[in-house]
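In: give me the fold of what follows.
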Amino acid sequence: MIKKSNSGREVKALAQHICMSAFKARRVIDQIRGRSYEETLMILELMPYRASYPILKLVYSAAKNASHNMGLNEADLFISKAEVNGGPFVKKLRPRARGRSYPIKRLTCHITIVLKDKSKFSLDSSKP
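Out: As a prediction, this is how the structure comes out:
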């Protein structure tokens, strides 16, 4: 999903219903918040966590959408906002002895990444 902000140089990507805990995804998101696009790709490829792969796909997709749809240069992008919110539970039943069952709650999360253009951002901040 791409949304233009007031400056028009912002790309928002959203991944919903990712099957992992929000706490585990936040551990990875906290490492990449505020970093440049190329640095983020290097960090995510080398991290040993399972949560880094869906986040890597989301950042890569957001950057490709920014370059294709808005004509932004990928080298000038940085992650201005990254957040993880909890999603709904996936409820399952596990069979137990004597015909009983035990509930299983699988956690899901929603990941939001916002990329901004560094060159446009530096020009706007220099104005009084």
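In: for the rest of this, base every contact and every neighbour count on C-alpha atoms.
Out: Fine.
In: what stretches of this structure score poorly on pLDDT?
Out: 1-8, 120-128 (pLDDT under 70).
In: show me the strands in it, by range?
Out: Secondary structure of the chain (DSSP state E): strands at 10-18, 77-86, 90-95, 101-106, 109-117.
In: how near is the residue of the chain positioned farthest from its centre to Phe78?
Out: Most distant residue from the mean C-alpha position of the chain: Arg98, 43.9 Å away (CA atoms, centre = their mean). From Arg98 across to Phe78, the span is 56 Å (CA to CA, to the nearest Å).
In: which other helices and strands does the longest helix seen in the chain contact?
Out: Longest helix of the chain, by residue count under DSSP state H: helix 52-69. The contact analysis (3 or more CA pairs under 8 Å, 6 or more residues apart in numbering; DSSP states H and E) places helix 52-69 against strand 10-18, helix 22-32, helix 37-46, strand 109-117.
In: the longest one vs strand 109-117, what angle?
Out: Meaning helix 22-32. Interaxial angle of helix 22-32 relative to strand 109-117 (axes from the mean of the first three to the mean of the last three CA atoms, to 10 degrees): 10 degrees.
In: other SSEs contacting helix 22-32?
Out: Using 3+ CA pairs under 8 Å, 6+ apart: helix 22-32 touches helix 52-69, strand 77-86.
In: out of the ones you listed, nearest to Glu39?
Out: Comparing those against Glu39 with CA to CA, the closest turns out to be strand 77-86 (9.1 Å).
In: packing partners of the closest one?
Out: Taking 3+ CA pairs under 8 Å, 6+ apart as the contact cut, strand 77-86 packs with helix 22-32, helix 37-46, strand 109-117.
In: most tightly surrounded among the ones you listed?
Out: Scoring the helices and strands packed on strand 77-86 by mean neighbour count under mean count of other CA atoms under 10 Å gives strand 109-117 as the most buried, with a mean of 22.
In: good, we can wrap up now.
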